[in-house]
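K.L.:
Pasting a predicted model and its sequence here:
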Amino acid sequence: MLLAWTLLGLVVGAALNLLIVRLPKRKFPFELPVTCRYCRKPLSFLELLPLVSYVWGRGRCRRCGHRLEFRYLLVEVTTGGLFAALFARFGLSWPLIIYSFYASVFVIVFMIDWQHRRILNVVTYPSIAVALALMFITPGLGAGQALLGGLFYGGLFFALYVIGTMLYRQSEALGLGDVKLALFIGLITGLQGALAAALIGTLLGAVFGLALMVFKRASARAGMPYGPALSMGALAAILWSPWIR
């Protein structure tokens, strides 16, 4: 069952690649046929799985020979790894299905925000709606804890958004997308899980920010993508927090 769930994660990762590429362009993510971005030839189902493409075609399109972008493989393998870790955490259970969906959302947010510095409403709004619906039936969570978590984490980042906008009038320190993502994280982790996610996410955000400044990809006044740090903090809380079970 662990192997089967991991393989499912690889297939889901391949689908997430389509979302990551097409959603920022406002394209329908599952429009067929899917083509090579270089030669525009349709890809088979197996070729849509980056891991298979790298093993089968040595990381190149079989038709035109162009090297496939490594990030496609990274997304697929990461998603498969997360599915495996979640199976080890929850076993074959209802929470496994719920948190596997949430992990998929975080992969999308991580990659799009890292590449485009945007957290899309088309991702956060449906995710928040799902979290609100599932909070009543998620074992160990409950509506009260979910709402408290959302109020805490979403409220914290809304306050930071307001303060940052006042301090940096020309460039917002945070975007509303970060606020919506924090609200979503709070809803799915509860108050205690949100505290853990906030601590880990803040530390990772500081590390990312310093790294970007060191490599001159951001300045003290420039915006930086917080989505990756928040997503990793939430995933860490889901996988290791004793309050999520």
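P.N.:
Received, thanks.
K.L.:
so what secondary structure elements neighbour the helix or strand of the chain with the lowest mean pLDDT?
P.N.:
The helix or strand of the chain with the lowest confidence, counting by mean pLDDT, DSSP states H and E, is helix 50-57 at a mean of 70. With contacts defined as 3 or more C-beta pairs under 8 Å, 6 or more residues apart in numbering; DSSP states H and E, the packing partners of helix 50-57 are helix 2-22, helix 70-90. Bear in mind the C-beta positions are built from the backbone N, C-alpha and C, glycine included.
K.L.:
is it possible to export these to JSON lines including mean pLDDT and mean neighbour count?
P.N.:
Supplementary listing: the helices and strands packed on helix 50-57 in JSON lines, determined by pLDDT from 0 to 100; neighbours: other C-beta atoms under 10 Å:
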{"stretch": "helix 2-22", "mean pLDDT": "92", "mean neighbour count": "19"}
{"stretch": "helix 70-90", "mean pLDDT": "93", "mean neighbour count": "20"}
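K.L.:
Can you lay out the ones you listed as TSV showing distance to G227?
P.N.:
Listed next are the helices and strands packed on helix 50-57 as TSV, based on distance: least, C-beta to C-beta, whole Å:
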stretch	distance to G227
helix 2-22	12
helix 70-90	15
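K.L.:
Could you point out which of the ones you listed sits nearest V162?
P.N.:
Ranking the helices and strands packed on helix 50-57 by their distance to V162 (criterion: C-beta to C-beta) puts helix 2-22 first, at 30.0 Å.
K.L.:
what's that closest one packed up against?
P.N.:
For helix 2-22, the helices and strands in contact under the criterion 3+ C-beta pairs under 8 Å, 6+ apart are helix 50-57, helix 70-90, helix 94-116.
K.L.:
can you list contacts of the second one?
P.N.:
Surrounding helix 70-90, the residues in contact under the criterion C-beta atoms under 8 Å, 6 or more residues apart in numbering are 1-2, 5-10, 12-14, 16-17, 20, 49-51, 53-54, 59, 96, 99-100, 103-104, 107, 111, 235, 238-239.
K.L.:
ok so, going back, tell me the angle the least confident helix or strand of the chain makes with helix 2-22.
P.N.:
Between helix 50-57 and helix 2-22, the angle formed by their directions is 90 degrees, by axes from the mean of the first three to the mean of the last three C-alpha atoms, to 10 degrees.
K.L.:
now helix 50-57 against helix 70-90, angle please.
P.N.:
Angle between the axes of helix 50-57 and helix 70-90 is 130 degrees (criterion: the same axes, to 10 degrees).
K.L.:
How about the residue sitting nearest the centre point of the chain: what's its closest non-neighbour residue?
P.N.:
By C-alpha atoms, centre = their mean, the chain has its centre lying nearest to F106, at 1.7 Å. Nearest in space to F106, with sequence neighbours left out and distances taken as C-beta to C-beta, 6 or more residues apart in numbering, is S231 at 3.9 Å.
K.L.:
what does Y161 give?
P.N.:
Leaving out its chain neighbours, the residue that sits closest to Y161 by C-beta to C-beta, 6+ apart is L174, at 4.5 Å.
K.L.:
What about the one you found, how many residues nearby?
P.N.:
Other residues within reach of L174 by the criterion other C-beta atoms under 10 Å amount to 21.
K.L.:
Could you double-check that it sits in contact with L160?
P.N.:
Yes: in terms of C-beta atoms under 8 Å, L174 counts as a neighbour of L160; the distance is 5.5 Å.
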